[in-house]
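**Q** With the sequence up front, the predicted model follows.
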Amino acid sequence: MDVKDLIENIAKSIVDKPELVSVTGVEGENSVVIELKVDKDDIGRVIGKNGRTINAMRTILSATRAQKEKRQVLEVLD
């Protein structure tokens, strides 16, 4: 499973409108920026209280970094 698919599955499981979740990856020289786009009403669910949910998703990304040479960054888009 690709990390983009993993982030998409996690996001779809916590939002009210899973059909509006999209995940794209923008690859740079030293990093991969994973952009997560959700409905504006679901942004709070993805971020979580005090940013706990988004930080947990970023922790999962950092754990998968052992397999990749590039740094992975998760961004939530409006």
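**A** Arrived safely, thanks for sending. Predicted model only: the values in this text are computed from it and were never measured.
**Q** which intervals of this protein have sub-threshold pLDDT?
**A** For the chain, the stretches with pLDDT under 70 are 1, 66-68.
**Q** which residues in it form helices?
**A** Assigned by DSSP state H, the helices in the chain fall at 3-14, 43-47, 52-64.
**Q** who touches the shortest one?
**A** Among residues not part of helix 43-47, those counted as contacts by C-beta atoms under 8 Å, 6 or more residues apart in numbering are Ala11, Ile14, Val15, Asp16, Leu36, Val38, Thr53, Ile54, Val76, Asp78. The C-beta positions use only the backbone N, C-alpha and C, and glycine is treated the same way.
**Q** Now a PyMOL select for only the buried ones of the residues you listed.
**A** Buried residues within these, by 16 or more other C-beta atoms under 10 Å, are selected in PyMOL with:
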select buried, resi 11+15+36+38+53+54
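**Q** got the helices of the chain as CSV, with distance to Ser31 columns?
**A** Formatted as CSV, those follow (distance: least, C-beta to C-beta, whole Å):
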stretch, distance to Ser31
helix 3-14, 13
helix 43-47, 21
helix 52-64, 11
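**Q** Quick check: the most far-flung residue of the chain relative to its centre vs Glu69, distance?
**A** The C-alpha centroid of the chain is most remote from Glu29, which lies 19.7 Å away (C-alpha atoms, centre = their mean). Using C-beta to C-beta, to the nearest Å, Glu29 is found at 11 Å from Glu69.
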